[in-house]
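1. Need a 3D model of the following:
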Amino acid sequence: MSAIKVFLKVFTSTTILLLIYFPIALVILFSLNDSIYFIFPFKGFTLKWYLKLLEDPSFLKSIFNSVIIALAVSAGSLSIGIPASFVFVRLRRNTLFIGFIMTPFIIPWLVIGVASLVFFYTIGIPLSILTVILSHIVYSIPLVVLIIAARLISLNPNYEKASMDLGANQIQTFINITFPLIYPSIAVSALITFLWSFDNFIITFFTIGSDITFPIWVWGSLRHPTNVPVITAASSIVIVVGSLIVYLMETYRIRRGLEVPLII
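-> Here you go, the predicted structure:
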């Protein structure tokens, strides 16, 4: 019986890993194929799709816009989400507040995108990168609140009480005691909101106007089959850069001896 359990665990783990990483490996592999078709055997290895990609001004603009939007969303959601996390912890039995925080998770992205479009149109704000940022922040704040609040709930309240007893005020206690204990969770929140915003298509599609982001660029390029190899090259760059960021953050966590993983 134990052998069957071991087999099932190994089989399940292997299947999950293949389903996740095999398509990613294929994307990277075919981005180096000299043919525009996803077929074996390879016609030959080449870097021309990457060179063609870097010569495309629309791609470079889409990456720049996506990074700017993601950075702004991460900063905006943290600036609102961190204080809201403290309120959430102190009012965690208040079902009205919890429902207010959880609402964006319940509402489909399509509805949020359409509602944002109608809202900005009604109040006369033209669609732009700013409207994308505002729409993304609406969804990102609950992510920040949940991650940081989970860490706050697990903290020993005696740390803050001891700091206050020793004469520190609330600001000093937060800077010297609370913040060092929760900043790994803040880093996780920043990374998750950045990646989510960078990758979001549905909400962005309804609020971007005439501008372009990386997901919008991919969607537009897919209408032309000859652009597929270029899209695989672009996707490969994003995958490699994202993996490198995760690796560097985890390396930093291990060297600092942090108990809370920077990547969940």
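2. Which parts of the stretch 1-150 of the chain are helices?
-> 2-30, 48-54, 57-90, 95-106, 109-123, 129-154 (DSSP state H, counting those that start in this stretch).
3. Quick one: list the elements packing against the last one.
-> By that I understand helix 129-154. If you count contacts as 3 or more C-beta pairs under 8 Å, 6 or more residues apart in numbering; DSSP states H and E, helix 129-154 packs onto helix 57-90, helix 95-106, helix 109-123, helix 179-199, helix 202-207. For glycine as for every other residue, the C-beta is placed from the backbone atoms N, C-alpha and C.
4. can you check the fourth one too?
-> Under the contact criterion of 3+ C-beta pairs under 8 Å, 6+ apart, helix 95-106 touches helix 57-90, helix 129-154.
5. In the last one, which residues are buried?
-> Of the residues in helix 129-154, those buried under the neighbour-count criterion (16 or more other C-beta atoms under 10 Å) are 129-149, 151-152.
6. Then the longest one?
-> Burial within helix 57-90, assessed by neighbour count using 16+ other C-beta under 10 Å, is assigned to 59, 62-63, 65-66, 69-74, 76-78, 81-82, 84-86, 88-89.
7. Can you tell me the closest non-neighbouring residue to residue 234?
-> Distances taken as C-beta to C-beta, 6 or more residues apart in numbering place residue 53 nearest to residue 234, at 5.6 Å, with adjacent residues excluded.
8. That neighbour and residue 240, how far apart?
-> Using C-beta to C-beta, to the nearest Å, we find residue 53 at a distance of 13 Å from residue 240.
9. And stretch 192-205, what's buried?
-> Those would be 192, 193, 194, 195, 196, 197, 198, 200, 201, 203, 204, 205, for stretch 192-205 by 16+ other C-beta under 10 Å.
10. quick one: contacts of that stretch?
-> Stretch 192-205 has contacts (C-beta atoms under 8 Å, 6 or more residues apart in numbering) with 66-67, 69-71, 73-74, 77-78, 109-110, 112-113, 116, 132, 135-136, 139-140, 143-144, 147, 213-216, 219, 242, 264.
11. swap the cut-off to 7 Å and go again
-> Outside stretch 192-205, the residues within contact range by C-beta atoms under 7 Å, 6 or more residues apart in numbering are 66, 69-71, 73-74, 77, 109-110, 112-113, 116, 132, 135-136, 139-140, 143-144, 213-216, 219, 242.
12. ok so, going back, among the helices and strands packed on helix 129-154, single out whichever gets nearest to residue 25.
-> Among the helices and strands packed on helix 129-154, the nearest to residue 25 by C-beta to C-beta is helix 179-199 (19.1 Å).
13. Send me that closest one as PDB with only the CA atoms.
-> These are the backbone C-alpha positions of helix 179-199, laid out as PDB (Å, rounded to 0.1, in the frame of the first residue of the first chain):
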ATOM      1  CA  PHE A 179       8.000  47.000   9.700                       C
ATOM      2  CA  PRO A 180      11.100  44.700   9.900                       C
ATOM      3  CA  LEU A 181       8.800  41.800  10.800                       C
ATOM      4  CA  ILE A 182       6.300  42.400   8.000                       C
ATOM      5  CA  TYR A 183       8.600  43.600   5.200                       C
ATOM      6  CA  PRO A 184       9.000  40.200   3.600                       C
ATOM      7  CA  SER A 185       5.200  40.100   3.200                       C
ATOM      8  CA  ILE A 186       5.400  43.600   1.800                       C
ATOM      9  CA  ALA A 187       8.000  42.400  -0.700                       C
ATOM     10  CA  VAL A 188       5.700  39.500  -1.700                       C
ATOM     11  CA  SER A 189       2.800  41.900  -2.100                       C
ATOM     12  CA  ALA A 190       4.800  44.200  -4.300                       C
ATOM     13  CA  LEU A 191       6.000  41.400  -6.500                       C
ATOM     14  CA  ILE A 192       2.600  39.700  -6.900                       C
ATOM     15  CA  THR A 193       0.800  43.000  -7.700                       C
ATOM     16  CA  PHE A 194       3.600  43.900 -10.100                       C
ATOM     17  CA  LEU A 195       3.400  40.600 -12.000                       C
ATOM     18  CA  TRP A 196      -0.400  40.600 -12.000                       C
ATOM     19  CA  SER A 197      -0.600  44.100 -13.400                       C
ATOM     20  CA  PHE A 198       2.100  43.400 -16.000                       C
ATOM     21  CA  ASP A 199       0.300  40.300 -17.200                       C
END
